[in-house]
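**Student:** 3D, please:
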Amino acid sequence: MFLSAQISLYPLRQAHLSQAIDSAASILREHGLEVSSGPMSSLVSGDYEALFKAIQEVFRRTSEQGDMVMVVTLSNACPVPQ
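**Tutor:** A predicted model of the protein is given here:
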């Protein structure tokens, strides 16, 4: 199944925010997912299994750097895969 997700990552009480955010984007790409980063969230799309594994790994690894909030919105309908 093909899924799309909007992922927002909010590092809390950290001096440098970009390290965790850049790490998250790299992890998502390592799982073979399409990633389009924006100023407040990233749009991610790909295979169901790969997406869920990547989301789990992103949260686990970025949480090792400090307190973290991650918001994920999932869809199997938009955008429609081409």
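**Student:** quick one: low-confidence parts of the chain?
**Tutor:** 79-82 (pLDDT under 70).
**Student:** can I get the CA coordinates of the helix ranked longest in it in PDB?
**Tutor:** Longest helix in the chain by number of residues, with DSSP state H as the criterion: helix 48-63. The C-alpha coordinates for helix 48-63 follow below in PDB (Å, rounded to 0.1, in the frame of the first residue of the first chain):
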ATOM      1  CA  TYR A  48       3.400   1.400   4.000                       C
ATOM      2  CA  GLU A  49       6.000  -0.800   5.700                       C
ATOM      3  CA  ALA A  50       8.900   1.500   4.900                       C
ATOM      4  CA  LEU A  51       7.100   4.600   6.100                       C
ATOM      5  CA  PHE A  52       6.100   3.100   9.400                       C
ATOM      6  CA  LYS A  53       9.500   1.700  10.100                       C
ATOM      7  CA  ALA A  54      11.100   5.100   9.200                       C
ATOM      8  CA  ILE A  55       8.700   7.000  11.500                       C
ATOM      9  CA  GLN A  56       9.500   4.700  14.400                       C
ATOM     10  CA  GLU A  57      13.300   5.100  13.700                       C
ATOM     11  CA  VAL A  58      13.100   8.900  13.400                       C
ATOM     12  CA  PHE A  59      11.400   9.200  16.700                       C
ATOM     13  CA  ARG A  60      13.700   6.800  18.500                       C
ATOM     14  CA  ARG A  61      16.900   8.300  17.100                       C
ATOM     15  CA  THR A  62      16.000  11.900  17.500                       C
ATOM     16  CA  SER A  63      14.700  11.400  21.000                       C
END
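**Student:** mind listing what's buried in that helix?
**Tutor:** Using 16 or more other C-beta atoms under 10 Å as the test for burial, helix 48-63 gives A50, L51, A54, I55, V58, F59, T62. Glycine gets a C-beta too; all of them are placed from N, C-alpha and C.
**Student:** Let me have the residues you listed in TSV, extended by distance to S4.
**Tutor:** Listed next are these as TSV, based on distance: C-beta to C-beta, whole Å:
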residue	distance to S4
A50	13
L51	9
A54	13
I55	12
V58	16
F59	18
T62	21
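**Student:** Since that was my last question, I'll sign off now.
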